[in-house]
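S.K.: Fold the following.
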Amino acid sequence: MQPLIDNARLFGHRPERFARLAEGQSNYARPGELFELRTAGHVVPPHATATPTAGKATIEYAVQVLSVRHVVVCGHSHCGPDGAVVRRNDLAAVPAVRDWLVHTADEPRCSGTSDPMVAEAVQNHVLTQLERLRAHPCIERRLEAGVPQLHGWYYEVHRGSVREHPAGPGTFEML
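M.R.: Residues are numbered from 1 along each chain as shown. Predicted structure coming up:
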C-alpha cells in the first residue's frame with residue numbers, strides 16, 4: 001500500500017503533467033492511460049439483462065461518449081476464473097464469483113483440464129466474449145461505421161508476451 005500512497009503524493013509535485021487531465025477525458029491513450037473495464041474472468045457483461053451494470057455503463061460510455069477507436073478483450077494465461085469453470089471447481093465459498101461466471105455464456109472450451117495455463121480455454125473464451133460485445137446495441141451501431149475496431153488478445157503472464165487473434169478465422173498470433 002505504501003508505494004500507492006507515495007505515488008499519489010507525487011501528483012501534487014507535478015501539476016503541469018496532470019493539468020491536462022482536468023480538461024476532460026480523451027479517447028487517445030498512451031500505455032498506462034487506458035479507459036478500462038476489468039472483470040473476473042474477462043467476462044463481457046451481457047446486454048440482454050434488464051439490470052444496469054457498471055460493465056454495460058462502461059462499455060456504453062467508452063463507445064458513445066468517448067468514441068474509443070479500439071476495444072480489446074484481453075484474457076491471460078493462468079486465469080483463475082476460467083480455470084475454475086473448465087475444471088468445474090466448487091465455487092460455493094465465493095458466491096458472487098460463481099454467479100458472475102454464469103455469464104461466461106458458453107463454458108470456456110479446453111481439450112484438457114490439467115493445463116495450468118488454460119490457454120486454449122482462455123483464447124476460446126476471449127472470442128466468445130468478443131461476440132457478446134458485438135451484441136451490445138451501442139457497439140453494433142458503431143461497428144457499421146467501422147469504429148471501434150474490436151481486438152481479442154491473450155496475454156502470456158509467464159512470458160510477458162501478447163498474442164492477438166486476427167479478424168476472421170485463425171489462431172492467436174504474436175503482436
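S.K.: residue nearest the centroid of this protein?
M.R.: Nearest residue to the geometric centre of the chain (CA atoms, centre = their mean): residue 73, 4.1 Å.
S.K.: gap between the nearest residue to that one once chain neighbours are set aside and residue 160?
M.R.: Leaving out its chain neighbours, the residue that sits closest to residue 73 by CB to CB, 6 or more residues apart in numbering is residue 129, at 4.9 Å. (Each C-beta comes from the backbone N, C-alpha and C, glycine too.) To residue 160, residue 129 is 23 Å away according to CB to CB, to the nearest Å.
S.K.: quick one: which of the two has more around it?
M.R.: Using other CB atoms under 10 Å as the criterion, residue 129 and residue 160 rank with residue 129 on top: 24 against 7.
S.K.: Quick check, that one in contact with residue 72.
M.R.: No - between residue 129 and residue 72 there is no contact under CB atoms under 8 Å: 10.8 Å.
S.K.: Show me where this protein has its helices.
M.R.: 2-10, 15-18, 54-60, 80-87, 95-101, 119-134, 137-143 (DSSP state H).
S.K.: With residue 173 as the reference, name the closest of those.
M.R.: Evaluated with CB to CB, these place helix 119-134 nearest to residue 173, the distance being 11.3 Å.
S.K.: re earlier: contacting residues for the residue nearest to the centre of the chain?
M.R.: 42, 44, 126, 129, 130, 133, 150, 151, 152, 153 (CB atoms under 8 Å, 6 or more residues apart in numbering).
S.K.: One more pass at 7 Å, please.
M.R.: Neighbouring residues of residue 73 by CB atoms under 7 Å, 6 or more residues apart in numbering: 42, 44, 126, 129, 130, 133, 152.
S.K.: that older thread, what pLDDT does the residue nearest to residue 73 get?
M.R.: For residue 129, the pLDDT comes out at 92.
S.K.: Good, we can wrap up now.
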